[in-house]
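Peer 1: Fold the following.
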Amino acid sequence: INSECVVDARGGSVSIGEDSDIGSQTQIWTLEHDPHDDDHGTRGGSVSIGDHVWIATRATILPGVTIGRGAVVACGSIVTKDVPELAIVAGTPAKQIGTRRNQLKYQLNYHPRFR
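Peer 2: Next comes the predicted model:
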């Protein structure tokens, strides 16, 4: 998990698989306001991120989303629905634009940019 990320678990759990890369300024939300609630109430849902997922800088993951193993979320994308394994998604809302062709054999070795 890189710098300036928000990981909010007020509305459910957040699970992050092994060797997943979460870019800086990414936001992961498990709680949001319900636009149909007369009292501006909230609704929540857990977020699950599989192994070897790459979430690029400034992506937003909304409550109740599962991101499958090896998926890629492009910079600035807003993920509102589940992402299949090995899918490459981009946009607002995120839609599948490709499929990752990778054996997913790597292990991340995180080094912060500044100490």
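Peer 1: What's the local residue count around the nearest residue to residue 12 once chain neighbours are set aside?
Peer 2: Take residue 12 and drop its neighbours on the chain: the residue closest to it by C-beta to C-beta, 6 or more residues apart in numbering is residue 46, 3.5 Å away. Every residue, glycine included, has its C-beta placed from N, CA and C. Neighbour count of residue 46, defined by other C-beta atoms under 10 Å: 15.
Peer 1: Show residues contacting stretch 32-42.
Peer 2: The set of residues external to stretch 32-42 that reach it, using C-beta atoms under 8 Å, 6 or more residues apart in numbering, is 11, 31, 43, 44, 62, 63.
Peer 1: Now tabulate those residues in a markdown table and tack on pLDDT.
Peer 2: Listed next are those as a markdown table, based on pLDDT from 0 to 100:
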| residue | pLDDT |
| --- | --- |
| 11 | 97 |
| 31 | 97 |
| 43 | 95 |
| 44 | 96 |
| 62 | 98 |
| 63 | 98 |
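Peer 1: Surely the residue nearest to residue 12 touches residue 14?
Peer 2: Yes. A contact is recorded between residue 46 and residue 14 when judged using C-beta atoms under 8 Å, the distance being 7.0 Å.
Peer 1: okay, and the common contacts of these two?
Peer 2: Contacts common to residue 46 and residue 14, judged by C-beta under 8 Å, 6+ apart, are residue 30.
Peer 1: still on that earlier bit, give me the pLDDT for the residue nearest to residue 12.
Peer 2: Residue 46 is assigned a pLDDT of 98 by the prediction.
Peer 1: And the residue with the largest distance to the centre of the chain, what's its pLDDT?
Peer 2: When each C-alpha in the chain is compared with the mean C-alpha position (C-alpha atoms, centre = their mean), residue 38 comes out farthest, at 29.2 Å. Residue 38 is assigned a predicted lDDT (pLDDT) of 96.
Peer 1: Specify the local secondary structure of it.
Peer 2: Using DSSP: H, G, I helix; E, B strand; the rest coil as the criterion, the local structure at residue 38 reads coil.
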